[in-house]
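K.L.:
What shape does this take:
(4 chains, ligands or ions: 4)
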Amino acid sequence: ATDSGAAGTGAATAAAKLSVVFIPKNLGNPYFDTSDAGGKKVVESLGGTYSEVGPQQASPDGQVQYINTAAQQRASALVVSANDPKAIGDALNQARKGGTKVVTFDSDTDPQYRDLFINQASPDGLAKVEVDGITKQIGDSGEIAILSASANATNQNAWIDLMKKDLAANHPNVKLVDVVYGNDDDQTSFDKTAALLQTHPNLKGIISPTTVGIAAAARYLSTSDKKGKVALTGLGTPNQMREYVKNGTVNEFYLWNPADLGGLAAYAADALVKGKITGKEGDTFTAGELGDFKVGANQTVLLGDPFAFNAGNIDQFTF
Amino acid sequence: MTPAPTQEPTVSVPDAQPGIQPAVTSETQLLVEPSSLSPRRRIVQGLLRSREFSILVVLLLVVAAATIKNPSFLLSSSGWRDLLLTPSMLIVLAVGQAAVIITRNVDLSVGSVLGLTAYLTGRLFIDHPGLPIVAVFAAGILVGGLLGLVNGLLVALARVPALVITLGTLYIYRGIVLSWAGSSRINASDLPPDFLSLGTAQVLTIPVLFIVALAVLGAVGYYLYTARSGREFYAIGSDPDAAVLYGLNVRRRVLSAFVLSGALAGLAGVVFAARYGSVSSDAGTGIELQAVAAVVIGGVAIFGGSGTVWGAALGAVLLVTINRALPMLGIPDFWQQALVGALILSAIVLDRVLAARQSRRLVEARDLP
Amino acid sequence: MTRTYAAYAHPLWRRLLLSREAAVVALVIAVSMWAYGNVPYFGEQLTLTYLLLDVTPILLIALPMTLVIVTGEIDLSVASVVGLSSVLVGVLHEGGFGIPAAAAIAVVVGALCGALNGYLVAHVGLPSLAVTIGTLALYRGLAVGILGTKAVTDFPADWTQRASETVGDTGIPTVMLLFLALALGFALLLHFSAFGRGVYDIGLGSEAALFTGVKVQRTKFILFVLTGAVSALAGIFYTLRFGSARGDNAAGLELQVIAAVLLGGVSIFGGRGKLIGVIAGVLLIGVISSALRLQGITVNVINIIIGLLLVVSVVSTPVLAWVSDVAARRNRGTRPTKTPAGVGTP
Amino acid sequence: MDIVSPESAPPPTLTLRDVAKSFGQVVALRSATLVAHAGSIHALVGENGAGKSTLIKIVAGVHRRDAGEFLLAGEPADFGSTAESKAAGVAVIYQEPTLFPDLSVTENIFMGRQILGRGRRIDRTAMHAEASRLFAGLGVHIDPRRPALGLSIADQQIIEIAKAISLDARLLIMDEPTAALSGVEVERLFTVARRLRDEGRAIVFISHRFDEVFDLCDTVTVMRDGEYVATRPIAETSVEEMVGLMVGREVSDLFPKTPAEIGDPVLEVSGLTSRGVFHDVSFSVRAGEIVGLAGLVGAGRSEIARAVFGVDDYEFGSVRMKGRTVPSHDPAAAIRAGMAFVPEDRRKQGLVTDASVTDNIAGVIRGGLAKFGLLTKSMENRAVAPWADRLEVKTSSLDMFAKTMSGGNQQKVVIAKWLATTPTLLIIDEPTRGIDVGTKAEVHRLLSELAGQGMAILMISSELPEVLGMADRVLVVCEGRLTADLPRESATPESVMHAATRAREIAS
Ligand SMILES: Nc1ncnc2c1ncn2[C@@H]1O[C@H](COP(=O)(O)OP(=O)(O)OP(=O)(O)O)[C@@H](O)[C@H]1O
Ligand SMILES: Nc1ncnc2c1ncn2[C@@H]1O[C@H](COP(=O)(O)OP(=O)(O)OP(=O)(O)O)[C@@H](O)[C@H]1O
Ligand SMILES: [Mg+2]
Ligand SMILES: [Mg+2]
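P.N.:
Residues are numbered from 1 along each chain as shown, chains lettered A, B, ... in the order given. Ligands and ions are numbered 1, 2, ... in the order given. Here you go, the predicted structure:
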C-alpha cells in the first residue's frame, strides 16, 4: 500500500488483530460515555484495540470525517450511532468496501449501509413504556409535550411516531400539544423546556426520550413553580437523574443498560470480524455474560426490554 | 483608575475682556447657538430621543404582546422570574463586549472563555469540595480576566486587528476546554446545592443572577460615564489617531477593555454553570455573535466612539425576550433566528438613517441665515 | 534627456521566495512531507481524496472571500448561505425539481443573499461586520425555518456519488475540476484585470480609489454577490456529498474560511494578499487536520493549532516590520525609537 | 541672532538646535534651529513643506527627532508622547484640527483632564461652564454640549485654540491657527495671545500671512527646506527680506507664467449648490486658461472642485464639459468627459501610498491597457514609464511604494497619473502644498506649459503668490460663495484678501 513504515505495520495488524472504533453521536454525552465504556471492556477482554472518536456537535458531516479516517486505518469494525439515516451512508459503505465491518447501535442508518444494528429495545416497546408512564402519572387525560434531541435523529423520530399512534389509539383524552428539539444541548434543551411550560400553561406532562433532554428538563422543572405539577419521564441515566428523582421532580424514567448495549455491539462486531456471523437473519452468537442473541428482521439484534428507574432502585445504579 | 496628577494642569480661563463681551455679534450667528432649553427639558428630550429609550419601548411592546396572548409570560411567578433570569448571562457578556467595541475593537473569544470558566467552575467544585462559592466566582472572573489580558496584549502591543486575534483565541481557548474536559461533563449532582440554588434564588422576586448582572452593568456604566479613563474609551474609539495626538494612553485603555470583557465572560461562565447545572465542553459555543448582536442592537456603533452599555444590556434583554416570546405569539421556534437577524439589520439601518439626519442638521446649521 | 526605469527593485526569485505566500506554501509542503513519513496511512491516495473533499467547501468560499477581504470588508454570512442553499436544494428536490434545476435556483438565491449584503455595505454604507452578523442570523434562520424539523436525505444516488467520485484513479475528487475552474477565474479577475487592481486600490485607500474613478460601490457589490453565489455552490456540494439537506449544515464554517484566508496572508485591513497564499492556507489547515485525525487526535488539538497559526501569522507581520525598522535606523546611524530620553547628539 | 549667556538671563523657554528628522526617504528636517523666550511671541515662517509642522510636532512629542538638541527651559527634553509634552507645560495647536467627532465640544476640550467633582466624578456642569467661559474669552458662541461632528473648519480651529489656552502652558505653539479664521476672530485670538505673552509665557506662531506676523510677533525665524535660515527681530526686518529668505531667490522666476492664447470654454459650471458647503457657484474655464481659485482654508474651494469632478454630489446646478452636461456624482463619467483632478490631500486622496509607482500612475488608464480583458504588470510598466520620465519622477524602480517618496515626487506621480489620461481640463488643488522650492518651480513651469498646449486649468491654492503668479483669472471663494472674479491685472493681494473675507466683514 504505502512505503511509510508505520502504515505497513498498521495494515499488517489490522488483518490479525481485532480493532474496534466507536463513533457516538457526539462526544461529551454521558449516555455514550457509559455505552462505549461497556464496549471498551468487551473489546479489550477479547484482546482487541478499542478507540472512541467523534464530533463535538451531533451532526452527520462531523461523523463522516471520523468514519473515513477509521476506514483508512483499516479498523476491523466500526460501531456507530447515526446522526442521520442516510447522510453517513456513503462513508460507511466506503469503509465496508475496505473490509471494515459496520455495526450501528442506539440510532440506526438505513439497512443497506451497515452489517448489523444493535437495538437497545424494540421501538414500540420503548414508545409504550414512556407513554404508559406519563399517562399513568397524569391520570390519562390532559396536555403533554415531547422534548426530543435533534430533529433528524432516526431513533427519536421513530419513537415519536409510535408514541403518537399509541396515544391516538389508547389514550383519547391525552393531547400531544407540541414537539420541541433540544439538540442534545444542555442550554437549548433547558430553554426549550422553559418555553414549553410558558407556551402551554395547562401542560401536565413531558416525555423526553433523550438523556440530555430529560436531565435539562428536570433541572428546569425542579426550579420552577411547575415542579410536581408537571410530570416528566423519558430516557435518562441514573447519575444525571438521581438528584431529580430524590427531590420528587421525576418519579420514574426508563433506560436499558447502556453499558450492556455497548458490550453487545462489541461482541457483535467481533462475531462479524471473526466471520462467526454474516449478519443475515437467523444468525446467532454468544455475547459473554449477556447471553446468546439471534439476528432478527433486517439485520437487527434486540438487547431487551427497557428498565424502569425510580426512587426505590436508583441508588443501585451508578452510570 | 485615574491619570497621574502631573497630567492634570489646572484650567485657567482668561476672563472676558470688556471689549469683547460674548454678545451675539452677527458673525457668531454663523456658529451654533448654545441650546436655549432649560436643563430639565434638555435631559427629558435627550432621554426621549435616545436609542436606549426606543429599545425599551420595543421591549415593552414585545412583553405586552406575549403577555396578552398568554398572561403567564409575565404574570406567573416563574414567568416573571425567567423574564429577568434568562437574559442575565447575555447582559454580562454584552456589557463587556460593548466596552471593547466602544474602543473600536471586538472580542470574538468570549464564547470560548465562557465555556472554559463554566467547566472550570464545575471542576473546582468536584476537585475541591467545600470551596466557598465566592472563591469560585473569583476564580472564574480571574481566569477570564487573564484570557482577556492575552487578547489585550496581542491587540494593543502588536497592533493587530482585534477581529483576527480574538478569532484565533476563540479557537485556542475552545481547544483548551475540549482537551481538558474531553468527553467528561459536569452534572447538576456534581455541584453543591446552594450553588445551584443561586441559579434561581430570588430577592423580593428579583433573581440573584439578574441582580449580579445589574451590578456589573451599573458599575461599568458608571465608570464609562463619570471616570476620566472611562471617557477615554470613547475618545479612542471615536478617532484613534487623534487620541494618540492628544496623548491619551491608548494601549492601556484598549488593554483594560479586553481584560474587562474577558473577566465578564469569566463571570458569565460561572453564571452559566449555576443556571444550567450541567456543563459540557462546548458550552457557550457561538454565543459571541449573540453578544455582538446585542451590542449592535443596543446602539453601540460597531466602529466605536458612541453608544452606552445601558443600550447594550437592553439589546441583550430584547434579543433573549424576543426568542422567548415568539413561541407564545405562535411563531414556530425555527423562525426565531431569522427574526433576530432582521432585528439586527433594522437596528443598524435605523442608526444610519438617524446619524445621516443629524449630521445633515449640523452641516446645514453652518449656513448663513 | 530620457530616463529609463527599472521595473523592479529586486530580482524575480527574491520577490517570489521572500513573499508571505511562499512561506505558507513551504509550510504546506513541509507538513505534508512530515506527515507522509510519520503518520500511518497518510501516504495513501485515500487520504488525498478525503482531505480534498473535506476542504472543498472552504476552498470554494475562500476564493470570493479573499477578494472581499482585500477590499477591506468581510462576509460572516457565508456559512448561513451554505445552509440556506442546502435546504433549498432539498426542498426543491422533494418538490419534484431535478437536481440541476434545484441547484440553479439555489445559486440564484445565494447571489440574492450576497446582493442584500452588498447593497447594505456598498450603497447604504453600513459596516460589513455588523451587516453580515445580521444576515448570518437571518439566512440561517430562513434555512432552519424552511425545513423545520426535517432533513431531506433521499437524493438520487448517482448525484451523491458524483459529489465524492474521483477523476480516474488519481484519487483527486472530480469536484476539484470545478474548483480549479473557479480558482482560475478568480485569479484572472484579481491578479490580471483592471477590476482586480481596483479591488486592491479600494483596500489600500478607498478614498484615493474614489478619486481615481474606481467604481468603489459597484465593485464591492459585485464581490458580495459573487460570494453569495459561490457559497451557494458550496452548499450544493455539501448537500450532495453528505446526501442530506439540513438547516444547520456547515454551521460555523464562516470562521474556518476567514481563518484560512488570513492564514494565507491576506490582510484584514485589506489591500494585501494573493489567492495562491489563500489556497495554501486552506490546504495547510486540511493537511494538519487529517494528519492529526489519522493519529487519533480529535478536534480540540486541531482547534488550538489553527488558532495559534492564525495569531502567529498576523502578529509576525508587525513584529518583523518593527525589527526591520529598527535595523534600518541602525544602518542610518540614528537612534531607534526605543532608546530612552536623552540629549540629542549634535 | 541672540546667544543667551547663562548669567545674563533665565534660559530660553524653548531651544532647538540642528534638529533633523526624516520619514523613510523623505527628509523633513535637515538642521532646524529655533529659540523662543518667555514673554515673547516668536514667528516661525517658511514655505509649505519647509518643515515647520514637523519641527513643532517634535516639540509636542508626536515625532522623535533623529538628531539635534532640544532643551525646555534649559533642561534636556525628549518627549515620547504628547502626554509628556503636555505634562511639561507645552500646549500645541496642530495645523489640522484633531477632534473626536462623537464627543461633545466640552469633552473635546477637557478630555483626559476633566474637572472632577465629588468622588472624582466628572463634573459636567462645571466643564460646560468653563467651556462657555473659554469661548466667551475668545468672543465666540459654540454650544458646549453639541458634538464636534459637523463643525466647520473655523469652529474646529477655535476649539483647538480654546483647548490649548485652557492648558495654561508655559509654551504655546500655534501652527497656522488663523488659516480658517475671519479678521474679527483673528483679532480676538491676538488679544488673548498678547495677554498670555504679558503673563510671561513663550508663544510660537506659525503663519503664511505676513501682515499677521508683523502685527503680532516680536521675533521671526525663517526656515527653508528643513533648514534654519535666519532669526530677526521683527522691528529690523521687512516683508521683502523675509520672502527673500524663505524662497532663497526672487519670487518672480518661481512663477514662470507664459501667456497662452485663450480658446473656447471647456468647463462651464452654473448654479452649483450643496447645502452647508457652497452656494450658487457659477464660472467657466477656457482652453489655455489658468483659473485660480483663492480663499481662506475652509472656504469651500475643495468642495467645489470635488463636486465638479463628481466625487461629492451636489443638490442644484449643472456641470458642462465642451457644452455637454456631465452626470453628477460620477468621477468615471467626469474622466471620460476629459477631466483630471489632482486633489488637495496627496496622501489620502491623490495616491494609494501603499501601492507602487506603476499602480498609481496606471490607476486611471489601466482599463484601456487590458487586452482581451487581461492586464499584466509588464503592460502597465511599459505604459507608465514614459509618463514617469516626462515628469522626471525620481525613483529607483517602478515598484517602489509611493509612501517612500518625497512630497514633491509624490505630487509628480499624481500629476503623471492624470496627464496619462490626456485630459482637456486639469483641476489641481493645492498643487505645491508641502513641496520643496525646486519642484515647486517645476510644477509651475509644467502648468503654464500645459496651458500653452491648450489645456484648461483650474488651480486651487491657499498661497496668494502662487495664485497671483500663475492665474490668468482669479476667482475668490468666501463662505462657499464666489465673491470676486478678478482678471490677472487687477488681482492684487489686497483685492483678493478683501474678497476672501468679504462675507464675514460685511456681516460684522
Ligand atoms: N508623516 C510624514 N511622513 C512622510 N513625510 C512627511 C510626514 N510629515 C511631513 N512630511 C514631509 O515633511 C516635509 C515637511 O512637512 P511639514 O508639514 O513640516 O511642512 P510645513 O512647513 O508644515 O508645511 P505647511 O506650511 O504646508 O504646513 C514635507 O515634505 C512633508 O511632505
Ligand atoms: N472635517 C470637516 N468637518 C466639517 N466640515 C468641514 C470639514 N472640512 C471642511 N469642512 C467644511 O467644508 C467646507 C470646505 O472645507 P475645505 O477645507 O475643503 O475648504 P477649502 O477652501 O478647500 O480649504 P483648503 O484650503 O483646505 O482647500 C467648509 O465649509 C468647511 O467648514
Ligand atoms: Mg504645517
Ligand atoms: Mg481645500
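K.L.:
In contact with the closest residue to ligand 4 within the stretch 251-400 of chain D, which residues?
P.N.:
At 2.8 Å from ligand 4, residue D:302 is the closest residue in the stretch 251-400 of chain D, using Cβ to the ion. All C-beta atoms are positioned from the backbone trio N, CA, C, and that covers glycine. Shown in contact with residue D:302 (Cβ atoms under 8 Å, 6 or more residues apart in numbering or on different chains): D:343-344, D:429, D:460.
K.L.:
go on, residue A:203?
P.N.:
So residue A:203 contacts A:142-145, A:177, A:196-197, A:226, A:230 (Cβ under 8 Å, 6+ apart).
K.L.:
what's the spacing between it and residue A:146?
P.N.:
11 Å (Cβ to Cβ, to the nearest Å).
K.L.:
Can you tell me which of the contacts of residue D:302 lies closest to chain A?
P.N.:
residue D:343 (51.7 Å; Cβ to the nearest Cβ).
K.L.:
In contact with the closest one, which residues?
P.N.:
C:211, D:302, D:305-306, D:349-350, D:429.
K.L.:
7 Å instead?
P.N.:
Residues near residue D:343 by Cβ atoms under 7 Å, 6 or more residues apart in numbering or on different chains: C:211, D:349-350, D:429.
K.L.:
Residue B:90 reaches residue B:315, doesn't it?
P.N.:
No. Counting by Cβ atoms under 7 Å, residue B:90 stays clear of residue B:315, with 9.0 Å between them.
K.L.:
Tell me the pLDDT of the residue nearest the centre of chain C.
P.N.:
Closest to where the C-alpha atoms of chain C average out (Cα atoms, centre = their mean) is residue C:62, at 2.0 Å. We have a pLDDT of 97 for residue C:62.
K.L.:
That one should be in a strand, yeah?
P.N.:
No. Using DSSP: H, G, I helix; E, B strand; the rest coil, the assignment for residue C:62 is helix, not a strand.
K.L.:
Any figure for the gap between it and residue C:289?
P.N.:
According to Cβ to Cβ, residue C:62 and residue C:289 sit 15 Å apart.
K.L.:
Does residue B:293 touch residue B:344 like I think?
P.N.:
Yes. Using Cβ under 7 Å, residue B:293 is in contact with residue B:344, at 5.2 Å.
K.L.:
Which residue ranges of chain A form strands?
P.N.:
Using DSSP state E, the strands found in chain A span residues A:19-23, A:49-52, A:77-80, A:101-105, A:116-119, A:142-148, A:174-181, A:203-208, A:231-234, A:253-255, A:284-287, A:291-294, A:300-302, A:307-309.
K.L.:
meant to ask about the stretch 1-150 of chain D, not that
P.N.:
With DSSP state E, counting those that start in this stretch as the definition, the stretch 1-150 of chain D shows strands at residue ranges D:14-23, D:26-36, D:41-46, D:67-72, D:75-76, D:90-93.
K.L.:
check contacts around the most centrally placed residue in chain A.
P.N.:
For chain A, the residue nearest the mean C-alpha position is residue A:106 (3.4 Å; Cα atoms, centre = their mean). With contacts taken as Cβ under 7 Å, 6+ apart, residue A:106 has the following neighbours: A:35, A:81, A:120, A:155, A:261.
K.L.:
Is it correct that residue D:279 falls within a helix?
P.N.:
No. Assigned with three-state DSSP, residue D:279 falls outside any helix and is strand.
K.L.:
out of the contacts of residue D:343, who has the most neighbours?
P.N.:
Counting neighbours by other Cβ atoms under 10 Å in any protein chain shown, residue D:350 comes out on top of the contacts of residue D:343 with 28 neighbours.
K.L.:
Just read off the phi/psi values of it.
P.N.:
Dihedral pair for residue D:350: phi -80, psi -40, per degrees, to the nearest 10.
K.L.:
residues contacting it?
P.N.:
So residue D:350 contacts C:208, C:211, D:342-343, D:414 (Cβ under 7 Å, 6+ apart).
K.L.:
which of these sit farthest apart?
P.N.:
C:208 and D:342 (12.0 Å; Cβ to Cβ).
K.L.:
Distance of residue D:88 relative to residue B:309?
P.N.:
For residue D:88, the distance to residue B:309 - Cβ to Cβ - is 36 Å.
K.L.:
Looking at the two now, which is surrounded by more residues?
P.N.:
Applying other Cβ under 10 Å to residue D:88 and residue B:309 shows that residue B:309 carries more neighbours, namely 28 against 18.
K.L.:
And that one, how far from residue B:255?
P.N.:
Residue B:309 is 18 Å from residue B:255, by Cβ to Cβ.
K.L.:
Just give the nearest non-adjacent residue to residue B:145, would you?
P.N.:
Take residue B:145 and drop its neighbours on the chain: the residue closest to it by Cβ to Cβ, 6 or more residues apart in numbering or on different chains is residue B:263, 3.8 Å away.
K.L.:
what about the one you found, neighbour count?
P.N.:
Residue B:263, neighbours per other Cβ under 10 Å, totals 25.
K.L.:
So for it, what's the pLDDT?
P.N.:
On the pLDDT scale, residue B:263 gets 96.
K.L.:
joint contacts of residue B:293 and residue B:344?
P.N.:
C:133, C:137.
K.L.:
Assess the claim that residue D:220 and residue D:233 are in contact.
P.N.:
No. In this structure residue D:220 lies outside contact range of residue D:233 using Cβ under 7 Å: 8.0 Å.
K.L.:
Give me the more crowded residue out of those two.
P.N.:
Counted by other Cβ under 10 Å, residue D:220 and residue D:233 do not tie: residue D:220 has more neighbours, with 24 against 12.
K.L.:
Direction included, what does the helix or strand where the more buried one lies pair up with?
P.N.:
Element membership for residue D:220, per DSSP states H and E: strand D:219-224. Within its sheet, and counting by DSSP bridges, strand D:219-224 is paired with strand D:41-46 (parallel), strand D:227-233 (antiparallel).
K.L.:
Can you classify residue C:161 by secondary structure?
P.N.:
When classified by three-state DSSP, residue C:161 comes out as helix.
K.L.:
Run a quick neighbour tally on the closest residue to it other than its chain neighbours.
P.N.:
With Cβ to Cβ, 6+ apart as the criterion, residue C:161 has its nearest non-adjacent residue at 7.5 Å, and that residue is residue A:90. Applying other Cβ under 10 Å, we find 20 residues neighbouring residue A:90.
K.L.:
Wait, residue A:90 touches residue C:244, no?
P.N.:
No. Using Cβ under 7 Å, residue A:90 makes no contact with residue C:244, being 10.6 Å away.
K.L.:
show me what contacts residue D:445?
P.N.:
residue D:256.
K.L.:
quick one: it from residue D:271, how far?
P.N.:
35 Å.
K.L.:
go on, residue D:331?
P.N.:
Taken as Cβ to Cβ, the span from residue D:331 to residue D:271 is 21 Å.
K.L.:
Give the residue from the two that has the larger number of neighbours.
P.N.:
Shown here are residue D:331 and residue D:271; by other Cβ under 10 Å, residue D:331 has more neighbours (23 against 12).
K.L.:
What are the boundaries of the helices in the stretch 401-508 of chain D?
P.N.:
All helices of the stretch 401-508 of chain D, identified by DSSP state H, counting those that start in this stretch, fall at D:407-419, D:437-452, D:464-470, D:493-500, D:502-507.
K.L.:
Ligand 2: which of those helices is closest?
P.N.:
When these are compared by Cβ to the nearest ligand atom, helix D:493-500 sits nearest ligand 2, at 9.8 Å.
K.L.:
If we ignore the residues flanking it in sequence, what's nearest the residue of the stretch 51-200 of chain C at minimum distance from ligand 2?
P.N.:
The nearest approach of the stretch 51-200 of chain C to ligand 2 comes at residue C:125, 17.2 Å away (Cβ to the nearest ligand atom). Take residue C:125 and drop its neighbours on the chain: the residue closest to it by Cβ to Cβ, 6+ apart is residue B:352, 7.1 Å away.
K.L.:
Is ligand 2 within reach of the helix or strand where that neighbour lies?
P.N.:
Per DSSP H and E, residue B:352 falls inside helix B:336-364. No. Counting by Cβ under 6 Å from any ligand atom, ligand 2 has no neighbours in helix B:336-364; the shortest distance is 6.8 Å.
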